[in-house]
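A.B. asks: need coordinates for the below:
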Amino acid sequence: GQRIVTPPSTPPEVAVDPTSDRPVPRRALAVCAHPDDVEFGCGATLAKWAAAGCVVSHLVLTDGSKGTWDPDSDLAALVRRRQDEQRAAARALGATGEVVMLGRIDGELVDDLATRGEVAAVIRRLRPEVVLGHDPWKRHRLHPDHRAAGFLTVDGAVAARDPHFFREQGLPHHRPDELLLFEADVVDHVEDVTGLSLIHI
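C.D. replies: Now for the predicted structure:
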């Protein structure tokens, strides 16, 4: 058999002069591969912004159907449970925007033109000032969905801002003010979440 070795986890580097505590956006959209990725990647920042009045939305690209170690799991029930958990997590973080589930099959996410167009359409419809997503260039990133989700976020934001991409959508183009990528090797922006308290549901 072949042995797969996980590369050692090293703490991220911090840029010499990272920016910090950007003004709270009016609207933010977090894009992630699976239910629970947003919460691990940027949950505290979203909760901080939501508490200050930001309308926070989540775009989850896959159905989360591989999210169990139980080989006999009822996958249809698992998908429903993970969707319910994602909506509950968004509420717990104070999100008042939408939770959009794109429903691609977990483990099979690819940065193809159709999916990129769907991400761009969500960005155009929700018109966030800030888009957040996985950093697709992170070294030693093993999960293919996380890499694909990162590229879909970047490529979707580029497409959303240009009026000549996906004209058939009939949606006005939208250019977010900022794209923030979580799980980066080099951290160049930080948000102080000291004293943050979450909503309990």
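A.B. asks: now the helices for this protein?
C.D. replies: 37-51, 75-92, 113-126, 144-161 (DSSP state H).
A.B. asks: export the ones you listed as TSV, with columns for mean pLDDT.
C.D. replies: Converted to TSV, those look like this (pLDDT from 0 to 100):
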stretch	mean pLDDT
helix 37-51	95
helix 75-92	95
helix 113-126	98
helix 144-161	97
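A.B. asks: looking at these, which is closest to Val190?
C.D. replies: helix 37-51 (9.3 Å; C-beta to C-beta). All C-beta atoms are positioned from the backbone trio N, CA, C, and that covers glycine.
A.B. asks: using CSV, write down the CA coordinates of the closest one.
C.D. replies: Extracted in CSV, the C-alpha atoms of helix 37-51 (Å, rounded to 0.1, in the frame of the first residue of the first chain):
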residue,chain,number,x,y,z
ASP,A,37,-15.7,26.1,6.7
VAL,A,38,-16.9,29.7,7.1
GLU,A,39,-17.0,29.3,10.9
PHE,A,40,-13.5,27.9,11.1
GLY,A,41,-12.1,30.3,8.5
CYS,A,42,-13.5,33.7,9.4
GLY,A,43,-16.4,33.2,11.8
ALA,A,44,-15.2,35.6,14.5
THR,A,45,-14.7,38.4,12.0
LEU,A,46,-18.2,37.8,10.5
ALA,A,47,-19.7,37.8,14.0
LYS,A,48,-17.9,41.1,14.9
TRP,A,49,-19.2,42.7,11.7
ALA,A,50,-22.7,41.4,12.1
ALA,A,51,-22.9,42.8,15.6
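A.B. asks: so which elements touch it?
C.D. replies: The contact analysis (3 or more C-beta pairs under 8 Å, 6 or more residues apart in numbering; DSSP states H and E) places helix 37-51 against strand 27-32, strand 55-62, helix 75-92, strand 130-134, strand 178-182.
A.B. asks: output stretch 133-149 as CSV, nothing but the C-alphas.
C.D. replies: Extracted in CSV, the C-alpha atoms of stretch 133-149 (Å, rounded to 0.1, in the frame of the first residue of the first chain):
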residue,chain,number,x,y,z
GLY,A,133,-13.0,32.9,0.8
HIS,A,134,-10.4,30.2,1.1
ASP,A,135,-6.8,31.1,0.0
PRO,A,136,-6.3,28.8,-3.0
TRP,A,137,-2.5,29.4,-3.0
LYS,A,138,-1.9,28.1,0.5
ARG,A,139,1.0,25.7,0.6
HIS,A,140,0.3,22.0,1.3
ARG,A,141,-3.5,22.5,1.0
LEU,A,142,-4.6,18.9,0.6
HIS,A,143,-8.4,19.1,0.2
PRO,A,144,-9.2,19.7,-3.5
ASP,A,145,-12.6,21.3,-2.7
HIS,A,146,-10.8,24.0,-0.6
ARG,A,147,-8.5,24.8,-3.5
ALA,A,148,-11.4,24.9,-6.0
ALA,A,149,-13.5,27.0,-3.7
